[in-house]
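Undergrad: Need coordinates for the below:
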Amino acid sequence: MKKMLSVASVMALVLVGASVVSAQPDGALPELDQFWAEVSRAVAEGDFEGYAATYHADAILVSDAGESTYPIASALKGWQQGFSDTRAGKMTANVEFRFTKRLNDESTAHETGIFHYWAKPEEGEVIDSYLHIEALLVKKADWKMMMEYQKTPATKEEWAAAQ
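TA: Residues are numbered from 1 along each chain as shown. Purely as a prediction, here's the structure:
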């Protein structure tokens, strides 16, 4: 019985500790908002280096559409031409983020929401997509994304409902 009680006590402490850890400290959300603003800026300006710098070197992309996971370095290689085209004025691109759930402490964050990406190549059709996303971030000197999980398509109604 003593072992059961000590396990229950430990579990209670873990649960109490978890609620404290998931609290949102005053300084974290503005910093995270700045992080997402930097991602948006880099996309709009075609700043590939700035965009790549928002990821941790060991970050992983998870893709529901591709039913795969792979290092962000591989994804960045595939996205680089779009950044070059944007920087050269051959394309316009933008991305915005809205969140439905934000959990963080001073050095870790789990963000759940939707991103709206649109691009218009000089010659070609407009790309306009809304996608559910989850992201894990870690803060060392600054915030870096460890995992980007691109989930299922979102609707414009879901976008409107998100903040």
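Undergrad: Identify the residue spatially nearest to the residue positioned nearest the centre of the chain, adjacent ones excluded.
TA: Among the residues of the chain, the one closest to the centroid is A135, at 3.7 Å (CA atoms, centre = their mean). Counting by CB to CB, 6 or more residues apart in numbering, E111 is the residue found nearest to A135 once chain neighbours are left out, at 4.6 Å. Backbone N, C-alpha and C define where each C-beta goes, glycine included.
Undergrad: residues in contact with the one you found?
TA: 32, 99, 101-104, 133-135, 137 (CB atoms under 8 Å, 6 or more residues apart in numbering).
Undergrad: Check the secondary structure at it for me.
TA: strand (DSSP: H, G, I helix; E, B strand; the rest coil).
Undergrad: Next, work out how far apart it and A44 are.
TA: With the distance defined as CB to CB, to the nearest Å, E111 ends up 20 Å from A44.
Undergrad: One more: S74?
TA: The spacing between S74 and A44, counted by CB to CB, is 24 Å.
Undergrad: which of the contacts of E111 has the most neighbours?
TA: Highest neighbour count within the contacts of E111: L137, with 25 neighbours (other CB atoms under 10 Å).
Undergrad: related to what we said a few turns ago, helix or strand: which one has the residue nearest to the centre of the chain?
TA: Element membership for A135, per DSSP states H and E: strand 127-139.
Undergrad: what packs against the very next helix or strand once past that strand?
TA: Along the chain past strand 127-139, the next helix or strand (assigned with DSSP H and E) turns out to be strand 143-153. The elements that strand 143-153 packs onto, with contact taken as 3 or more CB pairs under 8 Å, 6 or more residues apart in numbering; DSSP states H and E, are helix 28-45, strand 55-63, strand 127-139.
Undergrad: On the pLDDT front, check the residue nearest to the centre of the chain for me.
TA: Each residue has a pLDDT score; the one for A135 is 98.
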